[in-house]
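Asks: Below are the sequence and a predicted model; questions follow.
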Amino acid sequence: MPVTIYQGNHHVLSPSDINIVIDVIRAFTVAHYAFLEGVKEILLVQTQKEAFLLKEECPEYLLTGEVKGVGIEGFDFDNSPKRITQHQLKGKSLVQKTTNGVNATLRALAARHVFVTGFTNAKTTAEYVRSICGNPNTSVINIVASHPTGDDDLACADYIKGIILDNQSITAPETIARIKNSSVAEKFFDRENPLFDEEDISYCTKEIPGNFVMRVNQERKVPTIERVVR
């Protein structure tokens, strides 16, 4: 079963069977907690302008995301998994714009199945992919660690690949340690940087058993993450 890991948000992937896009700190951790809070769907856009236009068309949409890690003026939420859990979201539709995870996903749509995940839902996602991959000798699976340089997404990619291939090349505790020690996490532990909340890293490194994966519906006018029960 060919499983290839790519790092960065710039790759335009060739057609494949399954693409998995990872953003641990923090876009798809936010997405996972949002679904746990009852969100209906998450629309993915590349620019702030697209997000605001969707909000004009559908005022009930809630905007979430960041530029360079910082929340966007005029958006309803920033990119904090801690803060997303503090709101009533049942039945709501989110529009998400982020630097790495969303951009990487929009370049990875040429597949029969596209999934997104952080670490919180990584094991569930990997086990689901393994169950649907078809012929293990011919299925082509790509895993995108969306941060261009950070070891957080790369560690999660190694973890997912190990589960898919059933070789346990890296354990969950080892993955958590790499995430916490990554350059991406450093600013969250800097007490002189109030823009980033240390508790977010705790949210990002909890492995949460669950019964659903986050699959991208590429047939929608706007690519949309949907909750799919295993």
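Replies: Nice, thanks for sending it over.
Asks: Poorly predicted segments of the protein, please.
Replies: 1, 136 (pLDDT under 70).
Asks: State which helix of it is the longest.
Replies: The helix that spans the most residues within the chain, counting by DSSP state H, is helix 151-165.
Asks: Okay, buried residues for that one please.
Replies: By neighbour count on 16 or more other CB atoms under 10 Å, the buried set for helix 151-165 is 151-164. C-betas here are computed from N, CA, C, even on glycine.
Asks: got the residue ranges for the strands in this structure?
Replies: 3-7, 16-22, 41-44, 62-67, 70-71, 93-97, 111-117, 141-145, 212-217, 224-229 (DSSP state E).
Asks: And the residue nearest the centre of this protein?
Replies: residue 28 (2.6 Å; CA atoms, centre = their mean).
Asks: show me what contacts residue 202?
Replies: If you count contacts by CB atoms under 8 Å, 6 or more residues apart in numbering, residue 202 has none.
Asks: So what's the residue count around residue 63?
Replies: Residues within reach of residue 63, counting by other CB atoms under 10 Å, total 20.
Asks: Return the distance of the nearest residue to residue 158 once chain neighbours are set aside relative to residue 222.
Replies: In this structure, residue 158 finds its nearest non-sequential neighbour in residue 170, 4.8 Å apart by CB to CB, 6 or more residues apart in numbering. Per CB to CB, to the nearest Å, residue 170 is found 35 Å from residue 222.
Asks: One more: residue 67?
Replies: In terms of CB to CB, residue 67 sits 19 Å off from residue 222.
Asks: again, but for residue 137
Replies: Taking CB to CB, one finds residue 137 at 35 Å from residue 222.
Asks: okay, the two: which has more neighbours?
Replies: residue 222 (12 against 7).
Asks: From what I see, the more buried one and residue 46 are in contact.
Replies: No: between residue 222 and residue 46 there is no contact under CB atoms under 8 Å: 10.3 Å.
Asks: Compute the inter-axis angle for the longest helix of the chain and strand 141-145.
Replies: Following axes from the mean of the first three to the mean of the last three CA atoms, to 10 degrees, one obtains 160 degrees for the angle between helix 151-165 and strand 141-145.
Asks: Alpha carbons only: can I get helix 151-165 in CSV?
Replies: Only the C-alpha atoms of helix 151-165 are listed here, as CSV (Å, rounded to 0.1, in the frame of the first residue of the first chain):
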residue,chain,number,x,y,z
ASP,A,151,7.3,18.7,13.6
ASP,A,152,3.8,18.7,15.1
ASP,A,153,2.0,17.8,11.9
LEU,A,154,4.9,15.6,10.8
ALA,A,155,4.8,13.6,14.0
CYS,A,156,1.0,13.1,13.5
ALA,A,157,1.6,12.0,9.9
ASP,A,158,4.1,9.4,11.1
TYR,A,159,1.6,8.2,13.7
ILE,A,160,-1.3,7.9,11.2
LYS,A,161,1.0,6.1,8.6
GLY,A,162,2.0,3.6,11.3
ILE,A,163,-1.6,2.8,12.1
ILE,A,164,-2.6,2.4,8.4
LEU,A,165,0.4,0.1,7.7
